[in-house]
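Colleague: Sharing a model that was predicted from the sequence below.
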Amino acid sequence: MVAGFVVSDTITVITQNGSCEIDLCFGDITKLEQQDKVDVIMISAFRGDYLATPTSVIGALKRNLNLNVRELAKNKAEDLRNLYSCWWSHPLPDHLPYRRLLCFETRYHGKSKPQELVADVYRCLVPVLNNQDGTVITPLLNTGDQGRSKVLMLKGMVEAAVNWMKAGLPLRKLKIVLYACFEAGDPPPMRGLQEVCEQFKELKMKFDMKSVIPKKVKIEFDVYLSFSKEDGETASSISKHLAVVKPDIRIFGTQQELKEDQVWQEDMYEVMIRCARVITVLSPSYLKSTPCVEQYNIALCCNRKARRDLLAPFYIEQVQKMPTYMGLVQYIDCLRVKISHACEQLALTLNVDVHAEIHEHPTLEYDVFISYCHRNTEQAAQLREILTKLDQNLKVFFDTQELKTGTTWQQTLYHAIDGSTMLVAMVTKDYLKSPVCREEFNLALAKHSQKNRDLTLIPIFLDEDVQDIPLEFKQIKLVNAVGKSFKSAIESTADAIVSYFNKESTKNTKEIFAKSSEKNIDIVQEDLRAFQLSKPYPDKSRKPYTDFPPDLDSFFLRDSKRLKPANEINNIVLSFSSNDKKYAKFFYGLMKYFAPSLPVVEEAASAQEMRHLLDNATKIVTFVSPNYIESHDCIEDFNIALCRHRTEKNPVIFPIQIHSLPKKPSYFHTVYYHVSTADAVWSSLIMQSRVVINVAIQELNDIEYSLSEPDILALSFAARNLIDCFRKEDGDCTPPPRPVLSNIGRLVADTNSLKEVEEVDIKLSKIFLGVK
């Protein structure tokens with residue numbers, strides 16, 4: 001008899017690094033053909049117990065393949081059981097259908113269930129796969145002799161696999177095998193497995209991306225004109241000017257009214273999605289009109305779903321307070337530009353036949369990104385001109401040319417930096433004062449500092465009035481272009497840039513593109529958080545089998561007299577992906593338990609209500625994960641929070657990281673996270689220090705949304721940190737405007753300060769780089 005082995009169903013997961021697959025298989029995992037060899041076989045065991053029982057995978061490996069797990073365990077390649085309940089073997093003999101074995105061991109300390117801890121298995125695959133595409137085969141862990149629920153373990157294993165795949169783990173194929181004995185060509189026996197198969201189908205509906213096919217939509221109108229009744233005359237003027245530029249223009253100018261019985265205005269959407277552009281005539285009257293605001297929101301939805309910039313706001317009258325989400329969309333300022341000229345600009349973008357109703361992260365690619373303050377536009381323009389003269393094919397990002405009407409300018413800047421090979425920062429006293437310029441610099445510095453960097457940062461220092469600069473700008477050599485040396489410095493820098501692209505080596509290219517110290521901003525952030533925790537909780541406070549934290553009473557804020565004044569406290573809004581609801585739900589419970597008087601909004605009733613809440617919230621708590629980064633709505637929430645954070649009196653965004661993140665967008669890595677559940681310190685507290693979480697906190701862990709103990713501990717401290725922001729004794733914050741993307745040099749300095757390592761002040765003249 002030839003043993004059967006079949007793939008019953010597959011979930012396809014789309015990631016930044018290509019597609020990955022999760023197969024549900026039937027068969028005997030030890031009968032895998034050599035031609036189907038995989039990189040890793042995952043198994044589970046009781047802690048330190050590798051008995052080859054008749055009903056276990058460990059037993060089958062020994063009987064069928066003479067693979068003795070007990071012997072492998074005596075000489076482990078890496079043992080991480082104290083942190084992540086896993087160890088892995090050295091390379092296995094070539095005749096076996098697996099290259100390595102990874103063992104997940106159930107522990108007896110703590111209350112976390114295996115389905116909650118199974119994510120650690122994938123964490124351990126990071127060093128095993130070592131950035132190489134890999135394949136893994138596994139039974140349903142902990143379900144054999146250990147007797148755990150097959151349905152719960154399947155759910156935990158698939159959800160964790162999807163998150164890690166999206167975060168960048170190069171796991172190309174995961175084969176989950178349900179044991180079944182049958183002959184090749186026969187259908188596998190389904191007895192007792194129907195419920196597991198149904199669970200896999202539900203997970204497939206949730207995560208599978210293979211069925212997402214671009215839907216072609218025929219363009220029927222060139223322009224949808226959205227305006228208030230009070231601005232009818234201006235709308236008429238726009239129509240006339242467009243008709244002059246494009247006589248055959250098709251304009252949908254009928255004012256569509258709201259259908260009060262519909263939550264989603266389908267009629268508006270169906271018309272807008274078939275238009276090349278949607279012009280919204282922004283004015284105080286427009287913002288007061290409910291139908292107009294709804295039209296703008298639907299246009300924004302179309303803008304996200306289309307693979308191009310559909311929304312085209314015309315700003316015709318000064319608005320006292322623009323909603324943040326509207327202010328993030330690049331508009332044509334008709335207070336400075338004539339409407340006739342605005343119409344001419346717009347007409348150039350109307351040559352569209354069809355578009356697809358599917359969103360992708362914008363792929364912006366540039367050779368050089370020029371970062372400058374608008375007060376220094378003249379000097380920046382000179383650099384751009386020299387670069388393009390030296391090489392006409394050089395693709396240069398210059399914001400006044402590249403920020404198109406309808407784009408979300410903040411995201412476009414971040415994505416453009418992600419897609420650039422170099423960033424040239426024109427550093428002046430005005431540049432140092434601009435939070436957006438400093439964010440561009442910080443993001444570029446983080447990318448410049450990483451191993452195998454994909455962006456080179458070239459700061460050019462222009463201002464002779466500045467005698468010194470902040471520490472954040474002393475992490476890298478500055479090209480000296482002060483005073484009379486400006487012209488020769490930018491010419492030499494431009495020449496070095498072009499030489500670099502032409503693969504020509506000169507003295508200047510060697511100087512400018514010299515290697516610098518390597519730092520990973522994720523690791524730097526984790527180090528800082530670990531030291532921040534160690535100050536109030538040194539090792540001696542982490543006693544085995546005792547409640548942690550020992551000062552739980554200090555987490556509570558019961559006395560309203562200790563709260564900041566009521567006029568300083570508005571709603572606390574939670575922003576999260578629906579796939580991460582369990583984290584937000586638990587955090588909400590913690591906030592109600594520790595500080596019942598604080599107004600926390602768990603969920604908004606509609607997208608419009610959420611935008612209103614975000615625009616007025618005192619704090620916006622974002623639960624950032626691979627799921628969050630994939631969600632259009634969550635990205636909008638996050639960017640609103642970033643924008644408000646820069647300019648509000650008190651910091652607005654309170655970011656929590658709940659999983660390792662994909663490499664891009666990079667700006668998600670440079671935001672400083674108050675707490676990250678991915679930090680090793682939380683597993684260390686539970687697994688090594690063997691602390692016990694307070695029973696009252698454990699009871700908040702809802703059965704339906706159960707979290708692991710490290711996650712519970714991390715979120716408890718996040719809740720405390722947030723509550724501390726509302727205490728009267730909370731210290732003064734950095735006044736606005738403030739950058740929201742953190743500087744890697746400042747993070748290192750803050751860590752050294754906690755370590756009581758003295759920072760050496762570097763004089764400005766010592767970091768000047770002279771180019772000729």
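Modeller: Thanks, I have it.

Colleague: contacts, neighbours, all on C-alpha from now
Modeller: Fine.

Colleague: the helices in the stretch 601-750 of the chain, which residues?
Modeller: 607-616, 626-630, 632-647, 667-670, 680-687, 695-699, 709-724, 744-754 (DSSP state H, counting those that start in this stretch).

Colleague: ugh, typo on my part, it should be the stretch 51-200 of the chain
Modeller: Going by DSSP H, counting those that start in this stretch, the stretch 51-200 of the chain shows helices at 57-65, 69-74, 81-84, 114-117, 119-129, 150-167, 194-207.

Colleague: Would you reformat the ones you listed as CSV and include distance to E756 and mean pLDDT?
Modeller: Below are those laid out as CSV (distance: least, Cα to Cα, whole Å; pLDDT from 0 to 100):
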stretch, distance to E756, mean pLDDT
helix 57-65, 50, 94
helix 69-74, 42, 95
helix 81-84, 28, 83
helix 114-117, 36, 65
helix 119-129, 32, 87
helix 150-167, 34, 91
helix 194-207, 47, 92
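
Colleague: Export the ones you listed to JSON lines and append columns for distance to S676.
Modeller: Compiled in JSON lines, the helices of the stretch 51-200 of the chain are given as follows (distance: least, Cα to Cα, whole Å):
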{"stretch": "helix 57-65", "distance to S676": "35"}
{"stretch": "helix 69-74", "distance to S676": "32"}
{"stretch": "helix 81-84", "distance to S676": "16"}
{"stretch": "helix 114-117", "distance to S676": "16"}
{"stretch": "helix 119-129", "distance to S676": "15"}
{"stretch": "helix 150-167", "distance to S676": "14"}
{"stretch": "helix 194-207", "distance to S676": "24"}
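
Colleague: Relative to E294, which of those helices is closest?
Modeller: helix 194-207 (29.0 Å; Cα to Cα).

Colleague: For the helices of the stretch 51-200 of the chain, give me TSV that also has mean neighbour count and distance to Y545.
Modeller: TSV is the format used below for these (neighbours: other Cα atoms under 10 Å; distance: least, Cα to Cα, whole Å):
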stretch	mean neighbour count	distance to Y545
helix 57-65	17	32
helix 69-74	15	28
helix 81-84	18	15
helix 114-117	22	20
helix 119-129	19	22
helix 150-167	22	27
helix 194-207	15	37
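
Colleague: who wins for proximity to K175 among those helices?
Modeller: helix 150-167 (10.5 Å).

Colleague: which residues touch the residue lying closest to A161 once chain neighbours are set aside?
Modeller: Spatial nearest neighbour of A161, excluding adjacent residues (Cα to Cα, 6 or more residues apart in numbering): Y122 at 6.8 Å. Going by Cα atoms under 8 Å, 6 or more residues apart in numbering, Y122 touches A160, A161, W164.

Colleague: same deal with I512?
Modeller: Contacts of I512 (Cα under 8 Å, 6+ apart): I458, A496.

Colleague: how about 10 Å then?
Modeller: 456-459, 477-479, 493, 496-497, 500, 769-771 (Cα atoms under 10 Å, 6 or more residues apart in numbering).

Colleague: Could you dump the contacts of Y122 into TSV and include distance to V278?
Modeller: Below are the contacts of Y122 laid out as TSV (distance: Cα to Cα, whole Å):
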residue	distance to V278
A160	41
A161	40
W164	38
